[in-house]
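Undergrad: Provided below for reference: sequence and predicted model.
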Amino acid sequence: MSGTQAAHPAASASDPSSIVRLSTAYWESQTLLTANRLRIFDVLADGARSADEVAAALQLDRRSTALFLRACVGMGLLTESSGCFENAPVAATFLVSRSPAFMGNVIRYSDQLYGAWGSLEEVLRSGKPALPAQTYLGDDPARTRGFVMAMHERALGIARALVSVLDLSGRTAMLDVGGGPGTYSVLLTERFPGLKSEVLELPGVAAVARELVAAAGAGDRVVLRDGDYHSADFGSGLDVVLMSGMFHRETGQACRGLIERAAASLDPGGLLVVSDVFTDEGGAHPTFAAMFGLNMMLTAPDGGVHSDADVMRWMADSGLRDLRMVPLPPPMPHRVVLGVKP
């Protein structure tokens, strides 16, 4: 998503329709979240079914189910013909659990955050997140597993896009800081033969990541190290340090410190890769990035969003050169900031 993306359209003085639309936007999001939670799309995966058949399969009220399914049709998630419903192509691709492009765990994570968004006013008054991060970063094993699986599904798409904009040819040693499910390391080491990666992650997250790395057959080139990236040693002699999806949990001062430690761990010619949802300078655009900052405020003590311009300044201050920003191709909202150690 480029820095030239248009701002969110403002309501005109004589037309409040955009305000009305915003005031009811949660109707559609809750419909999608509920359909995913109920596995409506799996019920329809093998062909069209009537509302009564869907209601019977899921033990739902018949009349309510018909209203619900027609709303899904209106949203473009389902189609209806002769009183029977089936998945629209986009739902069949991304919302059926047996599909290789399934995003249901990502949607489920958004579902878990729905209540936190209801606490937005309270968080603005208290300055404390509505959802303590430790509940999904280790303390609650089931919730941690759900979070890591959601991040894995999300990272599959982002990592494939990241591979297309990075050239790591000839590089052999990478540290993937806060690498979550290890998805980036798996795909990057697959794309660039000879590259091996160490993923530094919290123990609860790393335990699930080890399963995913093993399932991908990447155990010979990707290893997990338990540790907190705030204090763990980054080592030395590295060709690449990857920091993806981390900065939105950190203050600007913490981000600057992470960049300094990464730069110190790189050999001359080493590459620092920072990928995240970043705003333009000023912090208001793109709209999704600004809203993402609110989402992180609700779920992490120091959660927020930074601009890519700030990240480039922090890299320059740490002695990195050849700085550039590369937006990932749409629909990814992420941007990649690159810097090389002289």
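TA: Nice, thanks for sending it over. Numbering: from 1, shown residues only.
Undergrad: use CA for all of it now, contacts and neighbours both
TA: OK.
Undergrad: elements contacting the lowest-mean-pLDDT helix or strand in the chain?
TA: Across the helices and strands of the chain, mean confidence by mean pLDDT, DSSP states H and E is lowest for helix 141-165: a mean of 77. Here helix 141-165 is seen to pack against helix 104-117, helix 183-191, helix 203-215 when contacts are counted using 3 or more C-alpha pairs under 8 Å, 6 or more residues apart in numbering; DSSP states H and E.
Undergrad: Taking helix 141-165 as reference, get the angle to the longest one.
TA: Calculated by axes from the mean of the first three to the mean of the last three C-alpha atoms, to 10 degrees, helix 104-117 forms an angle of 120 degrees with helix 141-165.
Undergrad: Next secondary structure after helix 104-117?
TA: helix 120-126 (DSSP states H and E).
Undergrad: Give me the contacts around that next one.
TA: 129, 130, 298 (C-alpha atoms under 8 Å, 6 or more residues apart in numbering).
Undergrad: Outline the domain layout of this protein.
TA: 22-102, 120-340 (automatic domain parsing).
Undergrad: end to end, how far does the longest one reach?
TA: The reference is to domain 120-340. End-to-end distance for domain 120-340: 40 Å, by C-alpha to C-alpha, to the nearest Å.
Undergrad: for the stretch 151-300 of the chain, what spans make up the helices?
TA: 183-191, 203-215, 252-265, 287-299 (DSSP state H, counting those that start in this stretch).
Undergrad: hmm, back to that, can you list the domains of the chain in TSV and add distance to residue 114 and mean neighbour count?
TA: Below are these laid out as TSV (distance: least, C-alpha to C-alpha, whole Å; neighbours: other C-alpha atoms under 10 Å):
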stretch	distance to residue 114	mean neighbour count
domain 22-102	8	16
domain 120-340	10	19
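Undergrad: among those, which gets the worst mean confidence?
TA: Mean pLDDT is lowest for domain 120-340 out of those, coming in at a mean of 92.
Undergrad: how about CSV for the helices of the stretch 151-300 of the chain, with distance to residue 158 added?
TA: Formatted as CSV, the helices of the stretch 151-300 of the chain follow (distance: least, C-alpha to C-alpha, whole Å):
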stretch, distance to residue 158
helix 183-191, 8
helix 203-215, 17
helix 252-265, 21
helix 287-299, 15
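Undergrad: do you know which of these lies nearest residue 316?
TA: Ranking these by proximity to residue 316 (C-alpha to C-alpha) places helix 252-265 first, at 9.8 Å.
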